[in-house]
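[1] Need a 3D model of the following:
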Amino acid sequence: MAAALCGNTRDRASIRKYARVVAYAVVQWPALGAILILSLILSALAALQPWPLKMLVDYGFGDVQPADSLITCLSALGVDPTRANLVVVAALAGIALFAVNAALDSAVTWAWSAVGQRIVYDLAGDLFLQLQRLSLLFHARRNVGDSITRITTDAWCVYTVTDGVLISPARHLCVLAFVSAIAWQLDASLTVLMIAVAPLLAGSALYFGERLKGFERQKRSAEAAVASFLHQVIGAMPLVQAFATGARNRQLFSGLADNAVQANRSAALVTDAYGAVNGIFVTIGIVLVLYVGGQRVLAHELSVGSLLAFIAYLRALETASRGLLTTYGKLRAAAASMDRVLEVLDATEAVRDAPAARSLPEALANPGGHLVFDHVTFAYESGRRVLNDIVLELTPGEMLALVGATGVGKSTLASLVPRFFDPDGGRVLLDGTDLRNVRLTSLRSQVAVVLQEPFLLPLTVAENIAYGRASATRDEIIGAAVAANAHEFIRRLPNGYGTVLGEQGATLSGGERQRLAIARALLKNARVLILDEPTSALDTHSEHLVVEALERLTSGRTTLIIAHRLSTVRRANRIAVMHDGSIVEIGSHADLLGAGGRYARLYALQALRPGPELLS
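    As a prediction, this is how the structure comes out:
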């Protein structure tokens, strides 16, 4: 009883999953309705296909008298129902049926291809949007290749499911209905024999269904692992070439590829076994029908033309039955991809808008920028705190630098401002409002970020600068570039502001990429600015240009800067020294040096080092 209840619960859950996916197709109901109507016509044509052959054998070559309805139709067309004329009519009818069937089949294929791809991209678009909404913590626990595979490969499950739930079953069931009805009129006992194998085919589908789903899921996971490995290696090409690890990566790729091949082989083996078992059952049915039908012809209880038509119907029924059963197998296989798609769509957004969240006023109308960390704690994993009771206040327009060793929580603290994460305890307030009560889009429109490694997209230079403010005019884009000391090098690019950048701006120097990122932040005109080590990887000349641009960017804005270079730290109004997730010192550069604490020791240690000025 309990097992039955569990089974019913599982079935209901599966139905709900299929319903959610099919909902993407229902939106396209006008086109789907037209496809279903055409499918009904095709099903009727399938029932008419054997009749020209029956007419030829029975009326043209045999001694069977043509039906009165046929004689009436031919007479109305001015055709004398002689045997010779009946042969010609049968041939022309066969050609006409084939032509109409081929035209309608092409129309259905074309329409379903267009509609099917549309619903796939609708689902892929929702997946893409959801992945962008999910927190950085979600993405940190998953590899990029797996996420890409879910969008580019698993999203096609909606095509398979819609075809398997709406299109193919409707078409195959209509063929079964039309053909069975006419076959029953030809010979009821043969029709019963024909459908006797149906329970065996249904049992086969139930037995292989779960196994097909399991192997398909393993195949998808193995293919995602290959895609993820390729993405990571190609993205780290300078490292790969510097350490000459091409041969090693080839071996690792071969291992992952072997796993994918094995998973595909296992899935193919189960699919082939499923098809072989069904083939045996169908063949048994065909043999029985041919034997009994042949006996009836010999006994003159059935015409040869009727037997031939019946065999053709049997083939049509076999094709329709195979289509239904194949559809079931495809649905079970698609269920693995469907689970992966719904896993993303149903993922809980750790950072989301509160029900009563409100928007911040525009920065131009209310510059503001009063930022407060009120007893903030945070941990990526339970029991391992990264931030401990942080109490910090930045007044509007103030620049505060965070310094300390790697891993003490500087970037994590800064990430709480645009709500990449939410604190586990305490609050972060902007102009007196808890950030959790502010709409994410509104908050992030008022926070600009410049990272150590600027992210540039394969768009034009102008589009990269205006990425945070798509409505910006050409003059505004150029003005931001001028203020960021980027205008001169942009002018020297092949197409100036219309130059399409390579991936991650690979065709630009580090300083040029950083100045484009600063121009992007300038154009956004946000009230709060976060700078995460913006000059640590630059040479002296590039640093001078970037620092000059940063001075324009930070003017009048509340700025939280994670800095290692003393040239940057000295310009901050205050410096907060972090250690083990806590702020252990805070004050101006001069005050902290005079206190002789951790900052003074870091400063002294750095002064003894040759090379770039670094606080770490």
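
[2] what separates the longest helix anywhere in the chain from the chain centre, distance-wise?
    When the chain is parsed with DSSP state H, its longest helix is helix 246-298. Mean C-alpha position of helix 246-298 versus that of the full chain (C-alpha atoms, centre = their mean, to the nearest Å) differs by 29 Å.

[3] And the strands in the stretch 451-600 of the chain?
    Ranges of strands in the stretch 451-600 of the chain, per DSSP state E, counting those that start in this stretch, are 528-532, 558-562, 574-579, 582-587.

[4] tell me what the longest helix of the chain is packed against?
    Packing partners of helix 246-298 (3 or more C-beta pairs under 8 Å, 6 or more residues apart in numbering; DSSP states H and E): helix 188-195, helix 198-235, helix 304-345. Using the backbone N, CA and C atoms, a C-beta is placed for each residue, glycine as well.

[5] Out of those helices, which is the most enclosed?
    When you average the neighbours per residue for each of these (mean count of other C-beta atoms under 10 Å), helix 304-345 leads with a mean of 20.

[6] Kindly calculate the angle that that helix makes with helix 246-298.
    If you take axes from the mean of the first three to the mean of the last three C-alpha atoms, to 10 degrees, helix 304-345 sits at 150 degrees to helix 246-298.

[7] roughly how far out does helix 304-345 sit from the chain middle?
    Offset of helix 304-345 from its chain centre (C-alpha atoms, centre = their mean): 27 Å.

[8] same question for that helix, mean pLDDT?
    The average pLDDT for helix 304-345 rounds to 75.

[9] Now do V391, the pLDDT please.
    pLDDT, V391: 94.

[10] before we move on, back to that, so can I have a markdown table of the helices and strands packed on helix 246-298 showing distance to S382?
    Formatted as a markdown table, these follow (distance: least, C-beta to C-beta, whole Å):
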| stretch | distance to S382 |
| --- | --- |
| helix 188-195 | 60 |
| helix 198-235 | 27 |
| helix 304-345 | 22 |
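
[11] Compare those and give me the one nearest G596.
    Proximity to G596 (C-beta to C-beta) singles out helix 198-235 among the helices and strands packed on helix 246-298, at 44.9 Å.

[12] which secondary structure elements does the closest one contact?
    By 3+ C-beta pairs under 8 Å, 6+ apart, helix 198-235 packs against helix 144-152, helix 246-298, helix 304-345.

[13] quick one, that helix and helix 144-152 angle?
    Here helix 198-235 runs at an angle of 130 degrees relative to helix 144-152 (the same axes, to 10 degrees).

[14] hang on, the earlier thing: looking at the helices and strands packed on helix 246-298, which is closest to I583?
    Taking C-beta to C-beta, helix 198-235 is the member of the helices and strands packed on helix 246-298 nearest to I583, at 35.0 Å.

[15] quick one: D389 is in a strand?
    Yes: membership of D389 in a strand is supported by DSSP: H, G, I helix; E, B strand; the rest coil.

[16] so where is the stretch 151-300 of the chain shaky, pLDDT-wise?
    Across the stretch 151-300 of the chain, the ranges flagged by pLDDT under 70 are 198, 202, 209-210, 213, 235-244.

[17] Pull the contacting residues for E398.
    By C-beta atoms under 8 Å, 6 or more residues apart in numbering, the residues touching E398 are 558-559, 573-574.

[18] From the residues you listed, keep the buried residues only.
    558-559, 574 (16 or more other C-beta atoms under 10 Å).

[19] Listing request: residues of the stretch 401-550 of the chain with sub-threshold pLDDT.
    Scanning the stretch 401-550 of the chain for pLDDT under 70 picks out the ranges 503-506, 535-542.

[20] What ranges does it have for its helices?
    410-415, 440-445, 461-465, 474-483, 487-491, 510-524, 540-554 (DSSP state H, counting those that start in this stretch).

[21] center of the chain - which residue?
    Central residue of the chain (C-alpha atoms, centre = their mean): I151, 1.7 Å from the mean position.

[22] Tell me how far that residue lies from P50.
    In this view, I151 and P50 are 46 Å apart by C-beta to C-beta, to the nearest Å.

[23] Please apply the same query to V158.
    Using C-beta to C-beta, we find V158 at a distance of 36 Å from P50.

[24] Which residues lie in contact with the nearest residue to G597 once chain neighbours are set aside in this structure?
    Leaving aside its sequence neighbours, G597 sits nearest to E585 (C-beta to C-beta, 6 or more residues apart in numbering; 5.2 Å). E585 makes contacts with 575-577, 592, 595, 597-599, as judged by C-beta under 8 Å, 6+ apart.
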